[in-house]
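K.L.:
My questions are about this predicted structure, shown below with the sequence.
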Amino acid sequence: MKKIITLSLLALSFTLITTSCEKGFDELNTIKTAPTNIDPAFTLNAAVINTSVPGGTLQYDLGIVQQIISSNSGIIAGANYNQVNPGNTPAIWIQYYQNVIKYTNDVIVKTATITPARPNLTAMARIMQANAFMILTDTYGDIPYTEAGKGFTSQLFYPKYDAQSAIYPQIIQELTDAVTALDPAARIETADVLYGGSVDKWKKYGRSLLLRAGMRIVKRDAVNGKAAINSAFSAGAAGLVTTNADLAYIRHDANFVNAVGNTLNSTEAANYYMAAPFVNILLANKDPRINSIAVRYVGATSGPEQVAAKADTTAAKQVGIPMGVDDLTAGQAATTAGIGSRYAFTQIDRTRLSGRLQPMFLLTAAETNLLLSEASLAVNNFIPGGDVAALTYFTTGIKAHMDQLALYGAGTIVPASYQTTYINRRSVLFAAATPADKTKEINTEYWIASFLNGPETWANFRRSNYPVLAPNPYPGRTVNFITRLTYPPSEILVNKNVQSAISNMGGDALDVKVWWDID
Amino acid sequence: MIKRYLIVGILFLIGHQGMAQQGALFASGTKQHQPDASATESYSLKEGLSQLEKQFDVSIAYKDEWVNNKTVQVSNSTFITVEDALDVLLNETNLNYEKAGKGFYVISLRKSEDKTGGMQSASLLKVPVMYPTLSSSTMNFSAQDPQSISFASAIDNLAIAVTGTVMDENGDGFPGVNVLIKGTSVGTSTDAAGKYSLSVDDENAVLIFSFIGYATQEVSVGSRTSVDVKMTSDVKSLDEVVVTALGIERSTKGLGYAATKVNGDELSINRTSNVMNTLTGKIAGVSVSGLGTGPAGTSKIRIRGQSSIGGQNNPLIVINGVPMDNTNFGSNPGSNPDGSIGVRSGGGGSGNTSDGGDGMTSINPDDIESMTVLKGAAASALYGYRASNGVIMITTKSKGTAKGIGVTYNMNFTDETPLDYTDYQYVYGQGENGVRPTAPNPTSGQWSFGEKIQPGMTQVLFNGLTVPYVAQKGILNQFYRHGQNFTNTISLSSTGEKGGINLSIANMDSKGIVPNNTFNRKTINLGFTYDLSEKFSFRGNINYSNEENKNPPNIANQDNSIPTSLMAMANTMPMDVLRDNRYNSSGNEYIYSRFQNRTNPYFVLSDQFNTIKRDRILGNLSFKYEFTKWLFAQVRAGQDYWSRDQEYNNFPTGLASLAPAPTGFVNGQYTQEQRRFRETNIDFLISATKDFGDFGLNVTAGGNQLYRRFDNNSVQVTDFIVRGLYTVQNGRGKDPQYSFQETQVNSLYGSAEVNYKKYLYLTGTYRQDWFSTLSPGHRSIPYGSISAGYVFSESLATKPGWLTQGKFRAAYAEVGSDNSVGAYSQQLPYGFNANFFGGTSPVSSLGNSVPNTLLQPARIDETELGFEMKMFDSRINIDVAVYNKFTNNQILPTQISDASGFTGTTINSARSQNKGIELMLNLVPVRNSNFTWDFTFAGAYNITKVLSLLNETPGSNITVGTHVFNGSVQQIVGQEMGQIVGFGYRRDPATNQIIYGTNGVPLPSLTQIAFGSALPKWVGGFTNSFTYKGITLSVLIDFKLGGKMLSGTNFNAYRHGLQQVTLQGREGGIIGQGLSVSGGANTVVAPVQDYWSVVRSAQLVEPVIYDAGYWKLRQISIGYDFSRFLPPAFPIKAVKLNFVANNVAMLWKGVDNIDPESFGFSSDNLVGMESPGLLTTRSLGFNLNVKF
C-alpha cells in the first residue's frame, strides 16, 4: 500500500513537473509587436503598388520590342544579345508571384469570411490578381494558376502548372465575375490607392482588362475571345477606361519609387539607350512625342559626361543605338554615326519621363481606345462601328497618350498644335490604308502608347506582329525573336511540376511561343 | 622587514656556502650577511631544494634523475613563500612544481616538455594525486623563525625511529620519495639510495609514501622500526581532471567520450584577435576559421564538421558553467536563420555587410584559465539541445596560483602585415575591348581589357588627367596599412585558506588593415571563490567588457565594399590618382567605372562610417552545500546581458551607385540601432558520490531554466535635408522598427556513473527539454546517453612495462534540439511600411516564409568509439576516435516555389549523417634534462552526407544560400553536404568537349551542376615543440583539405581581365577549343572580353570553382624566461617573453589570387561562396608576462 502511494506520488509529481515545465509558453510565444490580422484593404494596397512593372523589364521586355537597349554584357545582358540570362529572366515572376498574388490571395481568402462582407474589396483583389496572372502567363506561357499564391492559406508549396489555354478562360471568368460583383451599394473601399475605391472606375478597369484579355486570345480562340470582348464592351466605350480621367496608374512617390526609373537613375544610368528602331519610327513619323521622351548628350564620352549642359532634346539631333551591338561594336557604330562615343546615343530622358518618382501606367485610355479601334475594324467586327468607329478610336487613342504624357510633368507636355498636326497626318493615312495596314497603324501606335509598360508592349507586339521589326542582328544571338522568357532557375530546382509545363510547351527556350501567339 | 633580511641572508648563504656545508646552516638563520645585489651563484638544484625544505619546513618530492646534475643560478632574492622560492629555483629547469597539500610540494617535469604547448588530449596531462589534507593547525611557516620549526628539531621530539628503503618497480632504491606521517605535516624524503629515516609518535602512526606518477601508499608502522616499500607506477596519477557538462569535474579516465583541454597560456601568448582562432589546427576534429573581416571579426568554429543542413552549426560556449550568447553579427544572408538578432533586413540590401563580430570578442584571453572542448553528443548530452554541435567550456581565473597577493602584468603586441596573394596579369592595362582610356572621364576603372602596356604610353583618367600607362603592382599594400593589436592586462590575485580572488583589468587596442578600422576593448574580470564554512561555499565570476568597433568594413558585396573594388581594380590605375579624385565638383563620388557599384575605395574610406559600441556584463554566482562528504547540492544563477549601439550610413551621400534624391534632398541612407539582449540561466544540481566495495557510484540530478529576451530599436532614414548630417531627424523617408523576442527553455536532467575497481566506468544521462518556440504538443523531447570507459591497462594482472595506460571508450547519445526555430515562428504577422503611400495610405506586408506549426524538435544520434594508449613513459601517446552521427528531423528553412507567393518554409524532415575519425598522436622523440622534442599531430577526417530532405529521393535538393555574384549552395540527397552549384560549360555528351555559341563564346550547361562539397574533409595540424635550456620553440603547420570553393574574387578577375588566363586572345580574339553549337568544331573568333565575361553573362561559374584546401605554416613561437637575470632586490619576480608569428607562410593552396581563408561569410548557408574579403594578415608580435 505504502509502495502504491509512493509510486502515485512520484507519478503525480512527475506529471506536475512536466506540465509546469511548459507553463506560460503559449503566452510567451505569441508575438506582441506585430499584428496577425489587419484591414485587408491595406494588403490590397501592397498588391496594387507592386503591380508597377519591375526594373528587370528593361533587360528583356523593352529590349525585345526594340525600344530601350543596352550594349553591355554581364548582369544586364538579355534582349540585347537575345540570350538567356538566368539572373534576369525571373524578374516578372518574382514581382507578380511574391509581391502581388501573395497579397491578392490573402485579401480574397480573408474577405471571404469577414463580417460585414466587403464584396468590393474582394472584387478589386480579383481584378488585380487576374491582371498579374495575365502578365505572368504572357511572359512565361504555362504557369501555376489554380494553386498559385496559396503557400500560407492552403499550404501549397509546390503548385502545379496550368496550360495557358486553360488559364485565359479562367482569367476572363474572374474579370467578368469581379466586374459583376462590384457593387456601388456595398462598402466603398476608400483606402484604395488606385481609384480611391470608386466602383465605377474599378468596373471600367476590370472591363478594360477583359478587353485586353479577349483581344489577346481572339486569334487563337475566337469564341472565348469574342465573348470576352463583347462582355467588356457591354456598357460601351464609356464603360471602359477610354478617357485619361480613368487611367490605371501607380502614383509613385519618394518612398515607393518607380522601379524602371530607379534603375535608369542609378547604376545603369549610362548603360541604356533608345534603340534605333524606336527612334527611327518616331522620327520617320515626325512624332512630336520624341521631344518628350528623348535626350541626347552631345559629345559625351562616358557616363559622367552625360550632364545637363550636353543635353539636347531636339528631335533632329536624336540618334538611336543600333540593335545588336556590344560595347565594342557600339563604339564603332557611334563613330559611323558621327557622334563620337556610344555614350552619346539617344537615351530616354531620365530627368523627365523616367524619373524615380514618375507614375507607372498599368492600363491606359490610349491602349483601350487602340484595342477598340482594332476590334471594331470591319475585318474584325468584334464590336460594332466598323472602320469609321475604328478611326475615331484610333485618333482618340493617340490623343489620349499625348495628353497622358503631361502627367509626367511640364517638361513632357505635347503641345496641342503638334498633337493636331500629327493626328491629322495619321488619320489620313489610316483612312486610306488597307485593312492590314490599319492593323499595323493601330498597333504601331499601341507600341508607342504602351512605352515603358514592358509586359504589355511586348505582349501586344507578339499578338499583333506590329510594328514590323527585324530580328536582333547580334552575332551571338541564340534566337531570332524572344517570344517568351525561360522559367526561373529556382523553379527548375525546387518545383518538379515545371517539367510537365516544359514538355507541354515544347521546351523552355526563349523562342517557344505561348499558346495565344499563333504566328 | 627583519624577516625579509633574514631570508635574503639565508639564500645568500645558500649561494655561498650551501654546497660545502649541507644541512648545517639553517639554524644560523639570524646570521647577518651583507647582501650583494649583483651576486649570482651556482649551486646544485638538489641542494637548493633541500635547503628550502628546511627553511620553510615543507616537504618537496621529486625524482633524483630530474634534479641531479642540475645547477641553478639564483641571485640573492627575497622569498616570502616557498612558492616564490620554487618559482625562482625551477625557473630555468624543465621542472615544475605543484602544491599537493599543505606543506607538501611535488616537483614534476614541466608540462610543456611531455606535451605540446599545453595542448593535449585530456588524459595526457599529469596532475598529482590528491594528497590527504593535513592538519589545519599547520603554521604559517614563512612567518616563523626557521630555527624553531626546523625539521631537525621536530625529529628530536619524536619517540619511535623508523627507517626503511623505498624501491621502484625494478627493486632499485627510489630516491626522492616523499614520506609523510599521516595527519601531520611531518615528513622527509628518501635519499639517493632510497633510504629514509623518521621518528613517529606511536605505533598507530601511518606513513604515506608518495611520488608523482606512482601510487601513493599508506603503511601502518605498527611495532616495526623498519618499513620498506615498493612503489608502483600509478596510471591514475596520469589522469587529468576535466570539467564536464554542468560544471561537474571528472577524471578523464572514466570518460566514454572525447574531451580536450587547452590551457590559458596557450590562448594568451599566441594571441589572435578572436580568442577562438587560436585553436586552429590544434585539436583533432575542431575546425576554426577566422574570417577576413577585420580585428573584431567572427570566428567560425565547427566541431566534427557541419551537421545542420541549414541552421546553426556553432558549438555552445559555456563560461564557468553558464552558457554565453555567441551570436554573430555577420550581416550576410543566412547568418541568422531564425531571423532573431540579425542586422536590419540582412544581406546586401541594407548596404551594410560588415562583420559585427560575435560573442567571443568580449573575452580577454588573459582571463581564461582553461578551455575544454567536448566534441561528441555524449559529452554534451547534459547540456542538451544547444550543445548538439559540441561545447566549448571556458573556465576563467578565480584565484591566484600562490598564497598571498600576486600581481601580474601582461603585454601583448602584434603587428599585422596584409598578405597579398594576387597573381594578376600586368601585360595589358586598363581599358575595354583592347582600347586604353584616352579621353576625359573614362569609366573602364574596373576593367583591364585595354592595350598592351608599352613604355611611354599614357592613359587619361578622370577629368583629362594624363598619367603614364604602367602596371600598378602591389596596390593592395598601398591601400591597406599594417594592423596592430596591443593588449595590456593587469591582474591581481590572492589565495588564502578559504578561497581566492582574481581581478583583472585589460585594455586592447586594435588597428585593422583598413585605415579607418579600429577596435578597442576594455575588460574587467572578477573571479572569486570562498568557503563560508566547511560545508558551504560559493564562487562567482563577473566579466564586464566595453567594446567599440569603428568602421568594420563591408565585405563580400558590391556597393561600398572596399575589398571588392580593390581586388578588381584596373591594373594600371594609380592609387594616388584614385584617392585624389574621389570627389567630383559637387562633392559626390567621381565616377571612375561604369560599374558604379564598385565604389571608389577611397570614397568609402572617407565617407562611410559604422560604429558599434557594446557593453556586456556576463557572470554567474553559485552556491554549494555539502551535506556530507558524499552529497552536495548546488544552485547557480548566471546572466549574460549586453547592449549594443550601432550607427552606420549604409549609403553615404553622393555614392555613384545611388539614384538622386527627390528635389530638395540629398541622397544617402543612415541607420541607428540599439539592441539589448539578456539571457538568464538558473540551475540546480544535487550530486552524490559514494563507493561500495569495488563499485563507485555517482548520481547527479538537476534542472535548468533558460530565458532569453532580445529587443531592438532601429531607425533607418533615406535621403537627407542637410548634407553631411547623419541623424535620424535629418532624414526624409523614415523607417522606425521595434522588434522584441522572448524564448524560454526548461530542462530536467540527471546522470549516473558506476565504476568497477576504477577501471570500468559506465555512465548514463537523461534529459528532457521543453521549448517555448514550438507549438503545444510538439514542445518537449526526452533524450539520453550511455557511455563506457574501460581502462584495460589497469585490469591486467601484469601490465607490461612499456604500457603506461590503455583505454577503450564507447558512447551512444541522443540530443534533441529546436535549433533553428525562432520565437513566434508559428505565426505570420503583418508588417507595415513605415511611410504611407502618397502620404496617406497604409501599405502592409507579409513575410516571405510560411510558418510551419507542426515543427517538432530535431534529434541527433551519435555513436562514438575511442581508444587511448600511452606507452614508454608517455613518450608515445595515441588517442583515436571514430564517430557516426545522424541528425534527424532537422528543422531547416527550405526554398519553396515562389509561385506559392512565398519563398520558403521550415521543414522538419531533413536527415544527415556525419562520419569521421579523429587522431591525436603525440611523440616525444627526445627528452632529457637539456633538450626535449615533442611532436603532436591532431587531425580528423569528416564526411557529412545528406540522407533526406523533404523525401529520400537521391538528387532532390534545396537551395540554402546564394552567392552575391553567381552560384548557390545546395543540399542534395545522397551527396555530401554543402554542394556548390552553378552552371558549368555545356559539353558534348560523347566527347566531353566544350560547346560554343554562334558567337564563339562558351555556352552554359543546360542544367546546373553540383561541383562538390564546400566542406573540408581533412582538418588538422602538426606541432613540433622544442625546449632547450629554457628556450621553447613551437612550430605549427595546419591544413584543411578536401573542400571546394566558388571564388568570387576570381570570378571578377576573369570578367575584368585580371586573371592570367585572360591573356589568351588579347590580340584578335580567341577561338575556343571544342564544338560549335551549330555543328562541327568551333571556328568562331570570339572577342576576348565577351569570351572571358561569360562567367557573368551566362552565370558560367565552372572556371572559378577551386579546391579550397591549403597547407599553412600557421604559427611559430619562441619563448624565454628571463627571471634568473633579475637582480635580487628587484620587485619583479618573473619575466617571460614570447615572440609569436602567425600565418607565417602559405605552403600550398588550391585557389588563385587569394588566401582560401579570407572568406567573408560566417554562415554555413554560404559555405564555399567566397567573395572578396579583407586580406589575411601575418602577425608578428611578442607577449611579455611580468609577475610582481
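P.N.:
Yep, that arrived. In this text, all values refer to a predicted model and were calculated from it rather than measured experimentally.
K.L.:
packing partners for the helix or strand containing A:G214?
P.N.:
When secondary structure is defined by DSSP states H and E, A:G214 falls within helix A:199-217. Using 3 or more CB pairs under 8 Å, 6 or more residues apart in numbering or on different chains; DSSP states H and E as the contact definition, the elements that helix A:199-217 packs against are helix A:119-140, helix A:164-181, helix A:222-232, strand A:360-363, helix A:365-376, helix A:454-464. Just so you know, the C-beta spots here come from the backbone N, C-alpha and C atoms, and that holds for glycine as well.
K.L.:
can you rerun that using 10 Å?
P.N.:
For helix A:199-217, the helices and strands in contact under the criterion 3 or more CB pairs under 10 Å, 6 or more residues apart in numbering or on different chains; DSSP states H and E are helix A:119-140, helix A:164-181, helix A:222-232, strand A:248-250, strand A:360-363, helix A:365-376, helix A:454-464.
K.L.:
and the second one with helix A:222-232, angle?
P.N.:
Put plainly, it is helix A:164-181. Here helix A:164-181 runs at an angle of 20 degrees relative to helix A:222-232 (axes from the mean of the first three to the mean of the last three CA atoms, to 10 degrees).
K.L.:
that older thread, out of the helices and strands packed on helix A:199-217, deepest packed?
P.N.:
Each of the helices and strands packed on helix A:199-217 was assessed for mean neighbour count using mean count of other CB atoms under 10 Å in any protein chain shown. The highest is helix A:365-376, with a mean of 29.
K.L.:
Look at the nearest residue to B:S1076 once chain neighbours are set aside and say how many residues are nearby.
P.N.:
Distance criterion CB to CB, 6 or more residues apart in numbering or on different chains; nearest residue to B:S1076, sequence neighbours excluded, is B:N1082 at 4.3 Å. Neighbour count for B:N1082, taken as other CB atoms under 10 Å in any protein chain shown: 23.
K.L.:
Quick one, grab the pLDDT at B:N1082.
P.N.:
According to the model's per-residue confidence, B:N1082 sits at a pLDDT of 93.
K.L.:
which residue is nearest the middle of chain A?
P.N.:
Centre of chain A computed as the mean C-alpha position; nearest residue by CA atoms, centre = their mean is A:P455, 4.2 Å away.
K.L.:
surely that residue meets A:F133?
P.N.:
No - using CB atoms under 10 Å, A:P455 and A:F133 do not qualify as a contacting pair, with a distance of 11.7 Å.
K.L.:
Mutual contacts of the two, please.
P.N.:
Any residue near both A:P455 and A:F133 by CB atoms under 10 Å, 6 or more residues apart in numbering or on different chains counts here, and that gives A:Y96.
K.L.:
ok, then the element right after the helix or strand where A:Y418 lies?
P.N.:
Using DSSP H and E, A:Y418 sits in helix A:416-432. Next helix or strand after helix A:416-432 toward the C-terminus (DSSP H and E): helix A:435-449.
K.L.:
what comes up buried for that following helix?
P.N.:
A:K438, A:T439, A:K440, A:E441, A:I442, A:N443, A:T444, A:E445, A:Y446, A:W447, A:I448, A:A449 (16 or more other CB atoms under 10 Å in any protein chain shown).
K.L.:
For chain B, state which of those is nearest.
P.N.:
Comparing those against chain B with CB to the nearest CB picks out A:A449 as the nearest, at 25.1 Å.
K.L.:
what residues are up against the closest one?
P.N.:
A:A449 is in contact with A:289, A:361, A:364-370, A:397-398, A:400-402, A:404, A:443, A:456-457, A:460, counting by CB under 10 Å, 6+ apart.
K.L.:
got the angle for the helix holding A:G214 vs helix A:164-181?
P.N.:
Computed by the same axes, to 10 degrees, the angle separating helix A:199-217 from helix A:164-181 equals 160 degrees.
K.L.:
Kindly format the C-alpha coordinates of helix A:199-217 as PDB.
P.N.:
Presented in PDB, the C-alpha positions along helix A:199-217 are these (Å, rounded to 0.1, in the frame of the first residue of the first chain):
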ATOM      1  CA  VAL A 199     -16.700  51.300 -58.000                       C
ATOM      2  CA  ASP A 200     -17.300  52.900 -61.400                       C
ATOM      3  CA  LYS A 201     -13.600  53.200 -62.100                       C
ATOM      4  CA  TRP A 202     -12.900  49.700 -60.900                       C
ATOM      5  CA  LYS A 203     -15.600  48.400 -63.200                       C
ATOM      6  CA  LYS A 204     -14.100  50.300 -66.100                       C
ATOM      7  CA  TYR A 205     -10.600  49.000 -65.300                       C
ATOM      8  CA  GLY A 206     -12.000  45.400 -65.000                       C
ATOM      9  CA  ARG A 207     -13.800  45.600 -68.300                       C
ATOM     10  CA  SER A 208     -10.700  47.100 -70.000                       C
ATOM     11  CA  LEU A 209      -8.600  44.200 -68.700                       C
ATOM     12  CA  LEU A 210     -11.300  41.900 -70.100                       C
ATOM     13  CA  LEU A 211     -11.000  43.700 -73.400                       C
ATOM     14  CA  ARG A 212      -7.200  43.300 -73.300                       C
ATOM     15  CA  ALA A 213      -7.600  39.600 -72.500                       C
ATOM     16  CA  GLY A 214     -10.200  39.000 -75.200                       C
ATOM     17  CA  MET A 215      -8.100  40.700 -77.800                       C
ATOM     18  CA  ARG A 216      -5.000  38.800 -76.700                       C
ATOM     19  CA  ILE A 217      -6.500  35.400 -77.400                       C
END
